[in-house]
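Participant: Mind looking at a prediction? Sequence and model below.
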Amino acid sequence: QVQLVESGGGLVQAWGPLRLFCAASGRTFSSYGMGWFRHAQGKEREFVATIRWSGGDTIYADSVKGRFIIFRDSDKIAVYLQMNSLKPEDTAVYYCYAEGRTPTGYLEVWGQGTLVTVSS
């Protein structure tokens, strides 16, 4: 079984930085990519960013483009989300996900979420 563990959430003032981290543990798998979604209270879940393991291509939501950076760990299946110039509207629970393949087939796994609160 594969698990994702996130860390790095917390309270930060507007325009400040915060870095989230997500690492996979458990069963070995070949990763296709990892990314982040977020869910703010009263809103629908929103895509934030993703990175492909092969080639390192990244995609960002328009709302975070130019402020957030997603990058991967070179030694393990893990990903960071560097968040800069945070705004109160970035307040949400951030969820990490990973997709890949195990010997038995396709895998998609989600983390438990980490809360980011941006104060104005």
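Facilitator: Arrived safely, thanks for sending.
Participant: shaky segments in this structure?
Facilitator: For the chain, applying pLDDT under 70 flags no range at all.
Participant: where do the strands sit along it?
Facilitator: 2-7, 10-13, 18-26, 30-39, 46-52, 58-60, 68-72, 78-83, 92-102, 105-110, 114-119 (DSSP state E).
Participant: Now the fifth one: buried residues?
Facilitator: Of all the residues in strand 46-52, those buried under the rule 16 or more other C-beta atoms under 10 Å are 48, 49, 50, 51, 52. To be clear about C-beta, it is placed using only N, CA and C from the backbone, and glycine gets the same treatment.
Participant: ok, back up a step: need the winner for burial among the strands of the chain.
Facilitator: strand 78-83 (a mean of 22; mean count of other C-beta atoms under 10 Å).
Participant: what's the closest of the buried residues of strand 46-52 to residue 93?
Facilitator: Using C-beta to C-beta, residue 48 comes nearest to residue 93 of the buried residues of strand 46-52, at 11.4 Å.
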